[in-house]
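Colleague: Generate a structure from the sequence data that follows.
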Amino acid sequence: MEPPSDDQLLAAAASDREAFTAFYRRYERPVLAYFLRRTRDGELAADLTAEVFAAVLLACGRYRPGGAPAAAWLFGIAEHKLVSSLRRRRVADSARQRLGMGPLVITDEDLERIEAFGERGAVLSMLEELPAGQREAVTARVLEERGYEEIAAELRCSPAVVRKRVSRGLAALREQLGSRGEVRA
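Modeller: Below is the predicted model:
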């Protein structure tokens, strides 16, 4: 059985707590990464993410499948919350207040995890910019920790070609990180 689509989850979320939870789990990290990229502040990103999902919970009864995809609807809310917080110079917490939620409490440990996630997200974003062959080879070798022979068989090339693609891909990532001032020689 296929998992429910985003549209199905969001349409059911107004009356089905499990549907909302599944939608939240599916999009919590992408929304957090979105805010981390734009604010470069883990605490602010977490606060905005909480407000977005509180707003989604309040508004999901008005979502209609078949129009804009659920992800577009969600990120539209995220964009609105970001612009509003920048204009007001604070994160509005009206949706959380309407739901009876208290202020968001973020521990130092939470903040470290958020910031580590943001760093990983930045590298994954850079990985997406690599040419397809390099991206596939780096992903298989470094992230999935697979052997060169296995990767070569899958990509239908020699292990030497896979090694070269991994080498070039990692060099490009190092260069990108260095140009962003994130790697010091």
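
Colleague: Could you use CA atoms for every contact and neighbour count after this?
Modeller: Fine.

Colleague: Mind pulling up the pLDDT for residue 91?
Modeller: Looking at residue 91, its pLDDT reads 65.

Colleague: hmm, I was thinking of residue 47
Modeller: Reading off the model, residue 47 has pLDDT 85.

Colleague: Secondary structure element for it, which one?
Modeller: helix 42-59 (DSSP states H and E).

Colleague: for residue 63, phi and psi?
Modeller: Main-chain dihedrals, residue 63, degrees, to the nearest 10: phi -70, psi 130.

Colleague: what's near enough to touch it?
Modeller: Residues near residue 63 by CA atoms under 8 Å, 6 or more residues apart in numbering: 10, 11.

Colleague: Same question for residue 69.
Modeller: Taking CA under 8 Å, 6+ apart, we find residue 69 in contact with 6, 7.

Colleague: what ranges do the helices span in the chain?
Modeller: Taking DSSP state H, the helices of the chain run over residues 6-12, 17-39, 42-59, 70-88, 94-98, 108-128, 132-138, 148-155, 159-179.

Colleague: Tell me the spacing between the spatially most central residue of the chain and residue 75.
Modeller: With distances taken as CA atoms, centre = their mean, residue 30 lies nearest the centre of the chain, 2.2 Å away. From residue 30 across to residue 75, the span is 9 Å (CA to CA, to the nearest Å).

Colleague: and what of residue 139?
Modeller: Counting by CA to CA, the gap from residue 139 to residue 75 is 27 Å.
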